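> sequence and predicted model, in that order:
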Amino acid sequence: MADEDAFDAIVVGGGFAGLAAAYRLAQADKSVLVVERGQVCGAKNLTGGRIYAYALQALLGDRWREAPVQREVKREIISLLTEQDAVNVDSTLTSVEEESYTVLAAPLLAWLAEQAEEAGAMIVTETTVDGLIIRDGRVCGVTTGDEQLEASVVIDCEGINPLLLERAGLIRPLDPHDVAVGAKFVFGMPAAEVEQRFGVQPGEGAALLGMGDPTHGVFGGVFAYTNNESVSLGLVVDSAAWAKSGRSLLATAQDLQEHPALRRYVGDAELLEYGAHLVYEGGYDTLPQMSGDGWLICGDAAGLCLNRGFTIRGMDYAVMSGIAAADTVVEAVEAGDTGPTGLAGYRRRLDEGLLQDFRTLRGGHAWMSGTPDLFTVYPKLAVDLMTDLYHVGAEPVRPVGSTVWRTARKVRKPFSTARSLLKGMKTL
Amino acid sequence: MTRKSVDELLATTRFETDEHNAHIVIDPQACRTCPSDRACVTSCPAQRYVWDEAADQMRFDHVGCLECGNCRLVCERLRLGAEGYSWNYPATGAGVSYRQG
C-alpha cells in the first residue's frame, strides 16, 4: 500500500486530460500532483484547433466562459480542392449558440492550470517522468531523475506518444497506421483583418476543413481556424502512407500558403509560430486497455481522438476522459481499492459516455483510409462540374442535366463507387 | 509570398535548447542500411534529418525538433529501439516551448 506522504493521484502531463483530471480531483479534496515536462502547462501542446464547449461546461460549469478561448465558430467550410481551384460547402450557422470555439492550446492550458492550482492541485513543471514505479505488477508512482514519487493511482495523460505505458508493457506500442502527422502555421493579423478575410462578424469565427490535391492522394486534409488575432493553417496526413509517398512533409505544408483557395486567408501575414504534432486516428478497434492495477489512461495517450472528415474531435474527449478518470479515482480511493477492480469503473464510465461515439463511428477510419478517391477523384469531379456549370463562352449552352451527366460519367466503376459511398455514410 | 527556409520557419518557434543532450539518438553510419527508405528525411515536419550524400551518412540535429514523434513511427529502428537508436522526451523543460500552440 502507498505510504502516508504518497499522493492520492499523480497525473503525468498537464494537457487537457491531465488538467481536467487534476481539477476534478482537487475539487473532491483528493491530493493530486501534476508532473508536466514543459516550462509551463501548454508549452508542449499543439491543437488545430477548436474545442466543443460542452466539455468545458462539464468541467467548470458556467465559469468556463472566463476561459481564454478564441472565436465562436459560426461558419463551417468544407473545401474540396484541386491544384488551383476549390468547391466550398460554406455553412453560416448563426443560430448555433456556444457550441464550439476556436482555440490556441498554450493560453487555454495555462489558464486551466491556474484553475487546477486554485482548486488545490499541485503542478510541477519542467519535469519529465522517466518511468513508472511498478511493484508486483502494481503501478505505485513515477520516477523522474533520481526522484521517486508515490501515489495510490497514476493517471497517464502523457499525450500521443505514451512512452511510459509502452515501455512498461501495459499497452501495445503506437502503430504508424493508426496515426496522422500534422503541421501548423499560425499567422498573425489584426482582428478586423481576420473578420474581413473570413467574412465573419466581430468576435465570431470560422472553421475550414479541406480535402483534395494538397495531400497528393494521401489520406488526410487541410484545416484553417480563425483565432482572435491570428489564423491557424495546417495539414494532417496519415503517417504510414506519407512515409511511403516520398514527398517532403514540410514543403507540402508550405504549399498550402500558395494555394489560391487558401492564400486569401493568410497571404502577406506574419508567421507567428510553426509547429507539428501527431493525431490519433485508429478508432474504436485499436483502443488500448484503459486501466489496470494502479493506473488509468486518458486523452491522446488513450487514443481518444475521432476524425469524421468534417469534424475532428480530441480536446473535448480529453477533458471528458479526465473527468471520468478523476471520478473513478475518487470512488476507488474512498473505497480503499485502487487495484484493477477498483478502477474498472473508468471503462464503464467511458463506455456509457464518449466511447458511444467511437462505437458508432467504428470503421470510419478504415473506410476513409481505404477510399483514396476521396482525396483525388471526388474533389476533382466537384470542381469540374462547377467549372462546366459556370462556364459561359461563344459556343451554344448545354442543359444542366447533360453537364451533370458528363461529369458523372467520369466516375469509374459507378456501382462499386456508389456502394462504397453508402458504406461511408454508415461509418461516419 | 516568399517561401521560408526551414531555419526561418523554426526561428518563429521558441525552443529552450539543450545543446548537449540529444533526446533522440540515431547511429549516422548505421543509417546507410536503412530498412525504412530513410522516411525520416521526408516525414520530419522540422526537417531535422538530412541525408549527407558526400559523407554517406545521416545528419540529425535535435535542436529545432518539434517533438511530434513521427520519426519514432516511420523509422523502424527508432520504433523498435534498435541498438544505437532511442527516442525520449527532452528533460527539464528543454525543447520546443509553444507560445501559441
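Received, thanks. These numbers were taken from a predicted model, which means no experiment stands behind them.
> dump the residue contacts of residue 36.
Since you didn't name a chain, this refers to chain A. For A:E36, the contacting residues are A:G13, A:G14, A:G18, A:K44, A:A113, A:I123, A:V124, A:T125, A:E126, A:T127, by C-beta atoms under 8 Å, 6 or more residues apart in numbering or on different chains. C-beta: built from backbone N, CA, C; applies to glycine.
> you answered for a different chain; I wanted chain B.
Counted by C-beta under 8 Å, 6+ apart, B:S36 has contacts A:A243, B:V74, B:C75, B:E76, B:R77.
> and the residue sitting nearest the centre point of chain B, how close does it get to A:S245?
Closest to where the C-alpha atoms of chain B average out (C-alpha atoms, centre = their mean) is B:R48, at 4.0 Å. Distance of B:R48 to A:S245, given as C-beta to C-beta, to the nearest Å: 19 Å.
> check contacts around the residue in the stretch 301-428 of chain A positioned nearest to chain B.
Residue nearest to chain B within the stretch 301-428 of chain A (C-beta to the nearest C-beta): A:M315, separated by 11.2 Å. Contact analysis of A:M315 by C-beta under 8 Å, 6+ apart lists A:F16, A:T47, A:G49, A:I51, A:Y52, A:A55, A:V103.
> low pLDDT regions in chain B?
Scanning chain B for pLDDT under 70 picks out B:1-2.
> now the strands for it?
For chain B, the strands defined by DSSP state E cover B:15-16, B:24-25, B:49-52, B:57-60, B:86-87, B:95-96.
> generate JSON lines for those, with distance to chain A and mean neighbour count as supplementary columns.
Formatted as JSON lines, the strands of chain B follow (distance: least, C-beta to the nearest C-beta, whole Å; neighbours: other C-beta atoms under 10 Å in any protein chain shown):
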{"stretch": "strand B:15-16", "distance to chain A": "6", "mean neighbour count": "16"}
{"stretch": "strand B:24-25", "distance to chain A": "12", "mean neighbour count": "18"}
{"stretch": "strand B:49-52", "distance to chain A": "11", "mean neighbour count": "16"}
{"stretch": "strand B:57-60", "distance to chain A": "15", "mean neighbour count": "17"}
{"stretch": "strand B:86-87", "distance to chain A": "8", "mean neighbour count": "18"}
{"stretch": "strand B:95-96", "distance to chain A": "7", "mean neighbour count": "24"}
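> which one of those strands lies nearest to A:V96?
strand B:95-96 (34.5 Å; C-beta to C-beta).
> other SSEs contacting that closest one?
Under the contact criterion of 3 or more C-beta pairs under 8 Å, 6 or more residues apart in numbering or on different chains; DSSP states H and E, strand B:95-96 touches strand B:15-16.
> what does the strand it packs on contact?
A:Q39, B:V63, B:G64, B:G93, B:A94, B:G95, B:V96, B:S97.
> which of those residues sits closest to A:G294?
The closest of the contacts of strand B:15-16, once distances to A:G294 are taken by C-beta to C-beta, is B:G93, at 27.1 Å.
> how many neighbouring residues does the residue nearest to that closest one when sequence neighbours are not counted have?
Leaving aside its sequence neighbours, B:G93 sits nearest to A:E126 (C-beta to C-beta, 6 or more residues apart in numbering or on different chains; 3.1 Å). For A:E126, the count of nearby residues is 16 (other C-beta atoms under 10 Å in any protein chain shown).
> quick revisit: narrow the contacts of B:S36 to those in helices?
By the criterion of DSSP state H, membership of the contacts of B:S36 in helices covers A:A243, B:V74, B:E76, B:R77.
> in chain A, where's the longest helix?
Max-length helix for chain A by DSSP H is helix A:315-335.
> what is the subsequent helix or strand relative to that one?
helix A:345-352 (DSSP states H and E).
> contact partners for the nearest residue to A:D255 once chain neighbours are set aside?
Leaving aside its sequence neighbours, A:D255 sits nearest to A:P214 (C-beta to C-beta, 6+ apart; 6.6 Å). In this structure, A:P214 makes contact with A:L81, A:G221, A:V222, A:L235, A:T252, A:D255, A:L256, A:H259, judged by C-beta under 8 Å, 6+ apart.
> ok, which pair from those residues is furthest apart?
A:G221 and A:D255 (13.8 Å).
> so those two - more neighbours on which side?
A:G221 (28 against 19).
> which SS class is that one?
Three-state call for A:G221 (DSSP: H, G, I helix; E, B strand; the rest coil): strand.
> could you pull up the contacting residues of it?
A:L209, A:G210, A:M211, A:P214, A:T215, A:L235, A:V236, A:G309, A:F375.
> give me the pLDDT for it.
Confidence at A:G221, expressed as pLDDT, is 96.
> quick check: chain neighbours aside, which residue is closest to it?
Closest to A:G221 by C-beta to C-beta, 6+ apart is A:M211, at 4.3 Å.
> thinking again about what came up before, what's the PyMOL line that selects buried ones from the contacts of A:E36?
In PyMOL syntax, the buried subset of the contacts of A:E36 is picked out as below (16 or more other C-beta atoms under 10 Å in any protein chain shown):
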select buried, chain A and resi 13+14+18+44+113+123+125+126+127
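> from the contacts of A:E36, which is closest to chain B?
For the contacts of A:E36, the nearest to chain B is A:E126 (3.1 Å; C-beta to the nearest C-beta).
> phi, psi of the closest one?
phi 50, psi 30 (degrees, to the nearest 10).
> can you give me the end-to-end span of stretch A:245-262?
With C-alpha to C-alpha, to the nearest Å as the measure, stretch A:245-262 spans 23 Å from end to end.
> likewise stretch A:217-228?
Stretch A:217-228 has an end-to-end distance of 33 Å (C-alpha to C-alpha).
> just to be sure, A:C41 is in a strand?
No - membership of A:C41 in a strand is not supported by three-state DSSP, which gives coil.
> give me the neighbour count for it.
29.
> excluding sequence neighbours, find me the nearest residue to A:Y23.
A:A116 (4.3 Å).
> what do you get for A:D130?
A:T143 (5.4 Å).
> element containing the one you found, please.
Per DSSP H and E: strand A:138-144 holds A:T143.
> list of residues touching the next helix or strand after that strand?
Sequence-wise, the next helix or strand downstream of strand A:138-144 (DSSP H and E) is strand A:147-156. Where contact means C-beta under 8 Å, 6+ apart, the residues beyond strand A:147-156 that reach it are A:2-3, A:5-13, A:18, A:21, A:33, A:35, A:132-133, A:139-143, A:162, A:164-165, A:294-298, A:301, A:322, A:325-326, A:329, A:332-333, A:338, A:343.
> cheers, nothing more for now.
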